[in-house]
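*Asks:* This is a predicted model, with the sequence first.
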Amino acid sequence: MIKSSTAPYAVLLLRVSLGVMFLAHVALKIFVFTVPGFVGYFASLGLPAIVAYGTIALELLGGIALILGIYVSWVALPLATIPEGRAGEQSDPAALEEKPGAVLLWDGGRLDGADSHSAG
């Protein structure tokens, strides 16, 4: 059963967590992949550059709006469509290995990207 006295705190925690997640994703696009690199990736998928710039703007402004609690209902709907479009981007870990600043957490939990299953 949901306690009405603590429910607002749960919503706040979820909203701020998602906002931080979207800001982390946009920071990855800007500082690691770089904007031209991200636009080039979208171009390799056959998408126009405006879609890449729109994704960056939506994640940046949407993440800030979620954290601040501004127009949350209006911001949540377009933000919910981003993971669907990004499914192909996340499915190839080799694409991240080409970026020297990328953090690889699926490789045995190591932050340096080294293979945790290799001998030595």
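*Replies:* Perfect, thanks for sending it. Keep in mind the model is a prediction, meaning the values are calculated, not measured.
*Asks:* CA only for contacts and neighbour counts going forward, please
*Replies:* OK.
*Asks:* for stretch 63-73, how far is the first residue from the last?
*Replies:* Start and end residues of stretch 63-73 are separated by 13 Å (C-alpha to C-alpha, to the nearest Å).
*Asks:* Going by neighbour count, list what's buried in it.
*Replies:* Buried positions in stretch 63-73, judged by neighbour count with 16 or more other C-alpha atoms under 10 Å: G63, I64, A65, L66, I67.
*Asks:* Also stretch 32-47?
*Replies:* V32, F33, V35, F38, V39, G40, Y41, F42.
*Asks:* Go ahead and confirm the fourth one touches A52.
*Replies:* Yes: under the criterion of C-alpha atoms under 8 Å, F38 lies in contact with A52, with a separation of 6.8 Å.
*Asks:* Kindly point out which residues are neighbours of both of these two.
*Replies:* Applying C-alpha atoms under 8 Å, 6 or more residues apart in numbering, one finds that no residue jointly contacts F38 and A52.
*Asks:* Going along the chain, name the helices of the protein.
*Replies:* 7-27, 35-44, 49-68, 72-85, 87-90, 93-97 (DSSP state H).
*Asks:* for these, which one ends up most surrounded?
*Replies:* Across those, the average number of neighbours (mean count of other C-alpha atoms under 10 Å) peaks for helix 49-68, which reaches a mean of 18.
*Asks:* now that helix and helix 7-27, what's the angle there?
*Replies:* Between helix 49-68 and helix 7-27, the angle comes out at 150 degrees (axes from the mean of the first three to the mean of the last three C-alpha atoms, to 10 degrees).
*Asks:* Now tell me what touches helix 49-68 from outside.
*Replies:* Residues contacting helix 49-68 (C-alpha under 8 Å, 6+ apart): 15-23, 25-26, 29, 38-40, 42-43, 71-72, 75-76, 78-79, 82.
*Asks:* could you redo the last one with a cut-off of 7 Å?
*Replies:* 15-16, 19-20, 22-23, 26, 38-39, 42-43, 71-72, 75, 79 (C-alpha atoms under 7 Å, 6 or more residues apart in numbering).
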